[in-house]
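Peer 1: Just need the structure, nothing else, for what follows:
(one chain, ligands or ions: 5)
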Amino acid sequence: MNILSSFKPVSAKLIVIFCLLFSFFPYSSSSQEHLPFNQSEEYHLMMGERLYHGLISTGGDNPSCISCHAKFTDDKINWNPSAMEIVMAADTLSAEQFKSAVNSPADGFIAKVHKGYQLNDEQLSQIRLYLKSLGTEGVGEKPKSYPQLLLFLLVGSLMALAIVDLLFTKKIRYRAIHILVILAGITVHLKMAYSEASELGRSQGYMPDQPIKFSHQVHAGDNKIDCMYCHYNAENGKSAGIPGPGLCMNCHVIVREGSRSGKSEIAKLVKHFEEGSDIEWVRVHNLPDHVFFSHAQHVNAGKLDCTACHGAVDEMHILKQENDLSMGWCLDCHRRTNVQFANDYYSIYDKYHNELSEGVRDSIKLLILVPMIV
Ligand code: HEC
Ligand code: HEC
Ligand code: HEC
Ligand code: HEC
Ligand code: HEC
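Peer 2: Ligands and ions are numbered 1, 2, ... in the order given. The predicted model follows:
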């Protein structure tokens, strides 16, 4: 049927009235609407986003801003300031300062990473516009990885097809095939659901982002600073303790630029020191309140190395919980480890010590968390 023939005169009249109404509508009050699209704010915002994401070349073969100033974090350390940090920096910098930070930073580390950028004023203001919108709208939610989502949907549709064929279309003769597809599908879905769910309450492998990118690999590894220099409480106290900014400043009065992060991270530390405020480190290890655990007992009396419980901390840029800290984990080591009486920490156990020397006993183990002699 012809479309025009279905057009009733009434609706045609309505359209004419609408057109007339809108031609009188005072949309000229905002000057923006008069501008062609390629001069509107919307357009500049879009260009800013594309430049930032490298969808439009910034000239030369420089990497895109987002490849360093990322919106989302993952398990690997990213030494560069995040997108949000650039949003904040841009907020405090004048257009001129922003330009020289990107195009011609004076010297030091930033001159190396921004080398080669020659953005023009329009491009720079477009990027600033985009950064401003990130500042008000935030970076949004981290997108789910496509392969996972695709697999989920693919398996789902296969299962649906199998069910439909089994009940209605009956194209495939052998029922075993339907059953197999459905069972395999359920297994894949359950596995995916399980790995999502176990991430919720998981603490083994926990490696939160910290307010300052402090790296144990850089300090305890590369620069061979002793654990005790910072965690001096571990020898004699219940907790090992986290050093305050004052201790960091022993070195960082001088070291103001790192070879991975430039000035930005150490500048945060210096700011805390000057303001006299604490750095709010996110706690990684957390035993339930009812468990009594003391570092002194293990480090001083037990002569255990930190690595026995915390793993190779000196190879971690982001500190990670190595063990699950379950009761089973505590007991497992206590079962394996003989109490060492060679130190005076255990003077209360003199009786057993004597029995040991007399050969009445050959060893003593701690079997529950309140020590029980066996
Ligand atoms: C190769 C990685 C890399 C790329 C690509 C990169 N940056 Fe940076 N940028 C850095 C690092 C690292 C710093 C921090 C340097 C420091 O603090 O010493 C930084 C700092 C900045 C700062 C802050 C300067 C200040 O004074 O606080 C701005 C603004 C900035 N970048 C904007 C951009 C823009 C815009 C782009 C894209 C056109 C971009 N960057 C691309 C690594 C990069
Ligand atoms: C220069 C100071 C410094 C040195 C040296 C150092 N640490 Fe740390 N450590 C810190 C700071 C700051 C934190 C808090 C930030 C973090 O978790 O990364 C921390 C956190 C930790 C944590 C996690 C605490 C929590 O929240 O549960 C462990 C475990 C740890 N350090 C072990 C070690 C071990 C083992 C060594 C030696 C190989 C060591 N540290 C050397 C400063 C230091
Ligand atoms: C026997 C295992 C064990 C050993 C050995 C050990 N730790 Fe721990 N550490 C733990 C546990 C368990 C926690 C969590 C304590 C809590 O939540 O109360 C912890 C927590 C920490 C923390 C967080 C702050 C605190 O004290 O609660 C730091 C820092 C730390 N350990 C550093 C060290 C350092 C440095 C050494 C070596 C000198 C060391 N640990 C040796 C088991 C151990
Ligand atoms: C005993 C000296 C010393 C102490 C104490 C110390 N640092 Fe450092 N730190 C260094 C040195 C040296 C570097 C430079 C490493 C490099 O560039 O390779 C550095 C680098 C850094 C960096 C930049 C890493 C990079 O490569 O970009 C940060 C961030 C940092 N330290 C934070 C801290 C914090 C926070 C503390 C206190 C908990 C602290 N430091 C305590 C010596 C120290
Ligand atoms: C890697 C081995 C290891 C792990 C893991 C471990 N311990 Fe121990 N624990 C020891 C050793 C060794 C001693 C000290 C025995 C000695 O003095 O020779 C000890 C001593 C103790 C004592 C002191 C007993 C006393 O009479 O003073 C308590 C309490 C204790 N552990 C609790 C825990 C708890 C709670 C956990 C788990 C969060 C844990 N331990 C994990 C090895 C371990």
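Peer 1: CA atoms for contacts and neighbours, from now on please.
Peer 2: Fine.
Peer 1: Quick one: residues contacting residue 84.
Peer 2: Shown in contact with residue 84 (Cα atoms under 8 Å, 6 or more residues apart in numbering): 71, 134-135, 139.
Peer 1: For it, give me the pLDDT.
Peer 2: Per-residue pLDDT puts residue 84 at 94.
Peer 1: just the one 3 residues further on next, same as before
Peer 2: At residue 87 the predicted local distance difference test score is 96.
Peer 1: Does it touch residue 134 like I think?
Peer 2: Yes - counting by Cα atoms under 8 Å, residue 87 does reach residue 134; the two are 7.1 Å apart.
Peer 1: right, is whichever helix or strand residue 272 is part of up against ligand 2?
Peer 2: Assessed by DSSP states H and E, residue 272 sits inside helix 264-275. No - counting by Cα under 6 Å from any ligand atom, ligand 2 is not contacted by helix 264-275; separation bottoms out at 10.4 Å.
Peer 1: which helices and strands does that helix pack with?
Peer 2: Taking 3 or more Cα pairs under 8 Å, 6 or more residues apart in numbering; DSSP states H and E as contact, the helices and strands that helix 264-275 lies on are helix 245-252.
Peer 1: the more surrounded of residue 87 and residue 134?
Peer 2: residue 87 (21 against 17; other Cα atoms under 10 Å).
Peer 1: Mind checking what secondary structure the more buried one has?
Peer 2: Assigned with DSSP: H, G, I helix; E, B strand; the rest coil, residue 87 falls in the helix class.
Peer 1: got a list of what it touches?
Peer 2: Taking Cα under 8 Å, 6+ apart, we find residue 87 in contact with 131-132, 134-135.
Peer 1: For the residues you listed, which ChimeraX command selects only the ones that are buried?
Peer 2: To isolate the buried ones among the contacts of residue 87 in ChimeraX, judged by 16 or more other Cα atoms under 10 Å, type:
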select :131,132,134,135
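Peer 1: rewinding a little: and the helix holding residue 272, which residues are buried?
Peer 2: Those would be 264-266, 269-270, 273, for helix 264-275 by 16+ other Cα under 10 Å.
Peer 1: buried stuff in stretch 295-306?
Peer 2: Buried residues in stretch 295-306, counted by 16+ other Cα under 10 Å: 295-302.
Peer 1: That one and ligand 2, any residue contact?
Peer 2: Yes - applying Cα under 6 Å from any ligand atom, one finds that stretch 295-306 is in contact with ligand 2 at residue 306.
Peer 1: Flag every buried residue along the longest helix anywhere in the chain.
Peer 2: Longest helix of the chain, by residue count under DSSP state H: helix 175-201. Buried residues in helix 175-201, counted by 16+ other Cα under 10 Å: 178, 181-182, 185, 188-189.
Peer 1: Over to residue 168. Which of the three states is it?
Peer 2: Classified using three-state DSSP, residue 168 is helix.
Peer 1: Any figure for the gap between residue 246 and ligand 3?
Peer 2: Distance, residue 246 to ligand 3, by Cα to the nearest ligand atom, to the nearest Å: 17 Å.
Peer 1: Just list the residues touching that residue, thanks.
Peer 2: residue 273.
Peer 1: neighbours of the nearest residue to residue 219 once chain neighbours are set aside, just the number please.
Peer 2: Once flanking residues are discounted, residue 219 sits nearest to residue 225: 5.7 Å by Cα to Cα, 6 or more residues apart in numbering. By other Cα under 10 Å, the residues close to residue 225 number 15.
Peer 1: Helix, strand, or coil at residue 225?
Peer 2: coil.
Peer 1: Look up how far residue 284 lies from the residue nearest to residue 281 when sequence neighbours are not counted.
Peer 2: Once flanking residues are discounted, residue 281 sits nearest to residue 210: 5.9 Å by Cα to Cα, 6+ apart. The gap separating residue 210 from residue 284 is 10 Å, by Cα to Cα, to the nearest Å.
Peer 1: ditto for residue 43
Peer 2: Look at residue 43 and residue 284: by Cα to Cα, they are 44 Å apart.
Peer 1: How about the helix or strand harbouring residue 112 and ligand 4, any contact?
Peer 2: Under the criterion DSSP H and E, the helix or strand holding residue 112 is helix 108-113. No - counting by Cα under 6 Å from any ligand atom, ligand 4 has no neighbours in helix 108-113; the shortest distance is 9.5 Å.
Peer 1: That helix and ligand 1, any residue contact?
Peer 2: Yes - Helix 108-113 reaches ligand 1 (Cα under 6 Å from any ligand atom) through 109-110, 113.
Peer 1: how about the residues you listed in TSV, adding pLDDT and neighbour count?
Peer 2: As requested, those are exported to TSV (pLDDT from 0 to 100; neighbours: other Cα atoms under 10 Å):
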residue	pLDDT	neighbour count
109	90	17
110	91	17
113	91	16
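Peer 1: quick revisit: out of the contacts of residue 87, which are inside helices?
Peer 2: Using DSSP H, the contacts of residue 87 in helices are 131-132, 134-135.
Peer 1: For the residues you listed, which two are the farthest from each other?
Peer 2: Across the ones in helices among the contacts of residue 87, no pair lies farther apart than 131 and 135, at 6.2 Å, counting by Cα to Cα.
Peer 1: follow-up on the earlier one: for the residue nearest to residue 281, phi and psi?
Peer 2: When read as degrees, to the nearest 10, the backbone of residue 210 gives phi -110, psi 160.
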